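Q: here is my input; please provide its structure:
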Amino acid sequence: MGVLLQTVNTEFPRAVDFTNVSTKLVTEFIIFGFPGFQSLSTLLFCVFLFIYLCTVTGNGIIFLLIILDQKLHTPMYFFVSNLSFLDMSSITVTIPKMLAKFSVHNDEIAYVACFLQMYYFISCQAVECLLLTAMAYDRYMAICSPLHYHNIMVRQLYISLAVASWTIGLAYPIATVVLAFRLPYCGPNIIHHYYCDHPPLLQLACADTSLNVTIGSSLGAIILLLCFSLIVTSYVHIIRSVLKIASSKGRKKTFSTCASHFVVVNMFFLPLIFMYIRPTASYSADIDSLVAMLYTVLTPMLNPVVYSLRNKDIKNAFRKQICCT
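A: Numbering: from 1, shown residues only. I've put the predicted structure just below:
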């Protein structure tokens, strides 16, 4: 997430004397892409087109299956359907522009469009953090309080959790994006990343960005650390409850119900933690671009695989729809 726990290299350009800088502000930015891979445009186009089609198709199938199959109208699958829709939205924010760059070498992105891309992408990542937290709470209630689960996780509650996740996630980056938008950008205008992200964009500002870094870091720390802490706490209680089950078969069955969510959480949060909680001296444009792909590209693509291959309900619903057609 571009702004989550933004302990990024804070050596952004300091306030400058505008008498020595051109007053002409940039009207567009250049997406540099992947450093060191500029000569592989055709290969990268094929790879990312394949990833995009797989992601949209896989998440779209899961989203439709959950809507069409009454047996999947449960709190857990309700959150999964939200996650599938979110993954389709998230990858659509970045991949199409990358495909345009690789195919027709369209590197330019309009000034306003860059900030809109940054807003929508950060929003999607924030919503996913909150949805994964809500899913962890659902699994906690199902395993640690099974007798009270259906009385607590009523329709009104899990819909409210989803609505809150989307509302908070969409509102979360507004302050960060507005402050970045108000900064002057006098050139250069090359963003050393494959989409408009907050840290590389701040490096192009010709003004003091300390306020932007402080606010971005604070907001990022709140949402990332809070969500991850709640998820870890939930799984600590889940593991304790599972270990109390006498039957090994029962323990295995219970663990399997949480395995998919636990895999998704690790695929999403661990790259974020690596990106934004590490010494600033270790930052590298090459490494950061590759690691960012884990949560921006690969995680949305792998989510449907995790939920379909490890979930009998999804596979049964798929067979049912195929047979009906």
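Q: please make it C-alpha for all contacts and neighbour counts, starting now.
A: Noted.
Q: buried ones in stretch 292-311?
A: Neighbour counts over stretch 292-311 (16 or more other Cα atoms under 10 Å) mark 292, 294-308 as buried.
Q: for this protein, just list every one of the strands.
A: For the chain, the strands defined by DSSP state E cover 28-31, 108-110, 190-191.
Q: what residues does the last one touch?
A: Which is strand 190-191. 29-32, 200-201, 204 (Cα atoms under 8 Å, 6 or more residues apart in numbering).
Q: can you pull the phi/psi pair for Lys244?
A: phi -80, psi -10 (degrees, to the nearest 10).
Q: I'd like to know how far it sits from Asp313.
A: 26 Å (Cα to Cα, to the nearest Å).
Q: so which of the two has more stuff around it?
A: Taking neighbours as other Cα atoms under 10 Å, Lys244 and Asp313 compare with Asp313 leading, 16 against 9.
Q: residue contacts, the more buried one?
A: So Asp313 contacts Leu72 (Cα under 8 Å, 6+ apart).
Q: ditto for the one 4 residues further on
A: Ala317 is in contact with 65, 69, counting by Cα under 8 Å, 6+ apart.
Q: go on, Phe78?
A: Here Phe78 is in contact with 66, 72 (Cα under 8 Å, 6+ apart).
Q: so which residue is dead centre in this structure?
A: Gln125 (3.3 Å; Cα atoms, centre = their mean).
Q: by pLDDT, rank the contacts of strand 190-191 and give me the bottom one.
A: Comparing pLDDT over the contacts of strand 190-191, Phe32 scores lowest. The value there is 80.
Q: burial count for it?
A: Counted with other Cα under 10 Å, Phe32 comes out at 17.
Q: what's the neighbour count on the closest residue in space to it that isn't next to it in sequence?
A: Nearest residue to Phe32, sequence neighbours excluded (Cα to Cα, 6 or more residues apart in numbering): His192, at 5.1 Å. Neighbours of His192 under the rule other Cα under 10 Å: 22.
Q: would you mind measuring from His192 to Thr133?
A: As defined by Cα to Cα, His192 lies at a distance of 32 Å from Thr133.
Q: now Leu270
A: 15 Å.
Q: neighbour count for these two, which is higher?
A: Set Leu270 next to Thr133 and count neighbours by other Cα under 10 Å: Thr133 wins out with 23 against 13.
Q: contacting residues around that one?
A: By Cα under 8 Å, 6+ apart, the neighbours of Thr133 are 227-228, 230-231.
Q: tabulate these (a markdown table), appending neighbour count and pLDDT.
A: Formatted as a markdown table, those follow (neighbours: other Cα atoms under 10 Å; pLDDT from 0 to 100):
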| residue | neighbour count | pLDDT |
| --- | --- | --- |
| Cys227 | 21 | 92 |
| Phe228 | 20 | 89 |
| Leu230 | 15 | 93 |
| Ile231 | 22 | 92 |
